[in-house]
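Enquirer: Using only what follows, build the 3D model:
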Amino acid sequence: MCEPLEQPWELHDPYSLDVPVYARYREHEQANALDLLVTPSPSQLQQQMLCAYDEVRTAGLAPVFCIHAESMQTEKTKNMKLFAWHLQQQGLRVAFMIPQNGIGEESQKGETPESGFIVSRAFPEKKTRAIVLTTNSLYHISEYLVQRGITPATVNVLCIDEVQLCTNQTPLEAIEGLLELQRAGFMVVINGIDYDFKADPFSHMHHVLLMSRFLPGWQTFQLTTMCRHCPHPARGSRRVLTFPDGRKQLADATSPIIMPGLSDYYAVCDRFHKTCTREEASEEHMRSPLPTTLTLEQIQQSNWMKETMQHFCAK
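Expert: Residues are numbered from 1 along each chain as shown. This is a model prediction of the structure:
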């Protein structure tokens, strides 16, 4: 007897966890080659970053580079590590940092609360020792580093993993903190996700993308992958909760943003396959566009963008 044909992804409930994995995605997943779905490729992105590095340094500025993506599973950490290792080969001294909110697994914990490891899915055997930012804040981060003996005289480059998880400051304070590091003479390389699982701007990420268009030495590098369930680009991350009895459930929008180690995530398009359910919400959720995709006129029409630009560009 023939098995029933699998329904096309277009016919499934966009919130269902039973949607089949898209054929191309499944092939790469089974081959442990999901990195091949990411664009640009590591070699292409590294070349872009090295060219930008040369341009910014030639202008006499300390670079602030942001590797970002709209979803998870885009090799952000891998690319940050590759770039840092290249700089180390050039003789630069690099320090890695990760917010305490980013310590979600036992393998990431160090000997003390202020020491830990950055673990990349691409290099599971290469744990990178990192300073844990216990404040979960970028505000006055220079003072935090000085207390630990880290200054531009001892370290040239600061790499901050999962920077969107620095949640204990306002977006403007986050920008202030990164500017402090740049003005002190550090080169800064950060990576982060643009949207949380609710498809809202993830903490200060949209402010970072906005100001990268206007602050000297700031540049962004975007990575994209494909949806797990359809051929469209991933634009968000789906959170799946697993209960003690093994039952799985798609997270609701009332769920807290930070749940380290308690959830599984994967990339979805957020158009045909939603990132979360929205109980008690009657209206359609409006997803804010990335500031890097807008014209200057559109930016000036948005109050938060206009106020942010006035705050920093007037200084």
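Enquirer: Show me which strand runs longest in this protein.
Expert: strand 123-133 (DSSP state E).
Enquirer: how near is Leu181 to Tyr144?
Expert: Using CB to CB, to the nearest Å, Leu181 is found at 11 Å from Tyr144. Yep, even glycine has a C-beta here, placed from its N, CA and C like the rest.
Enquirer: can you check Ser237 too?
Expert: For Ser237, the distance to Tyr144 - CB to CB - is 28 Å.
Enquirer: Check Thr58 too.
Expert: From Thr58 to Tyr144 the distance is 30 Å (CB to CB).
Enquirer: what do you get for His68?
Expert: Distance of His68 to Tyr144, given as CB to CB: 23 Å.
Enquirer: higher neighbour count, the two?
Expert: More crowded of His68 and Tyr144, by other CB atoms under 10 Å: His68, with 25 against 19.
Enquirer: Show the contacting residues for the more buried one.
Expert: Applying CB atoms under 8 Å, 6 or more residues apart in numbering to His68 gives the contacts 76, 191-194, 205, 208-209, 220-223.
Enquirer: The residue nearest the centre of the chain in helix, strand or coil?
Expert: Taking CA atoms, centre = their mean, the centroid of the chain lies closest to Gly192, which sits 1.9 Å from it. Following DSSP: H, G, I helix; E, B strand; the rest coil, Gly192 is assigned to strand.
Enquirer: what sits against it?
Expert: So Gly192 contacts 66-68, 76, 162-165, 202, 205, 208 (CB under 8 Å, 6+ apart).
Enquirer: Now, those that are in helices?
Expert: Judged by DSSP state H, the subset of the contacts of Gly192 located in helices is 76, 205, 208.
Enquirer: Now render those as JSON lines, adding pLDDT and distance to Thr128.
Expert: Listed next are those as JSON lines, based on pLDDT from 0 to 100; distance: CB to CB, whole Å:
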{"residue": "Lys76", "pLDDT": "97", "distance to Thr128": "14"}
{"residue": "Met205", "pLDDT": "98", "distance to Thr128": "22"}
{"residue": "Val208", "pLDDT": "98", "distance to Thr128": "22"}
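Enquirer: So what's the residue count around Gln46?
Expert: Neighbours of Gln46 (other CB under 10 Å): 16.
Enquirer: no no, His28
Expert: His28, neighbours per other CB under 10 Å, totals 16.
Enquirer: tell me which element it is part of?
Expert: Here His28, judged by DSSP states H and E, is contained in helix 23-30.
Enquirer: For the stretch 101-250 of the chain, give me the ranges with low pLDDT.
Expert: Low-confidence segments of the stretch 101-250 of the chain, defined by pLDDT under 70: none present.
Enquirer: which residues in it form strands?
Expert: Secondary structure of the stretch 101-250 of the chain (DSSP state E, counting those that start in this stretch): strands located at 115-120, 123-133, 157-160, 187-193, 218-223, 236-242, 248-250.
Enquirer: Those into a markdown table, with extra columns for distance to Ala23?
Expert: Output for those, formatted as a markdown table (distance: least, CB to CB, whole Å):
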| stretch | distance to Ala23 |
| --- | --- |
| strand 115-120 | 27 |
| strand 123-133 | 26 |
| strand 157-160 | 36 |
| strand 187-193 | 26 |
| strand 218-223 | 23 |
| strand 236-242 | 19 |
| strand 248-250 | 22 |
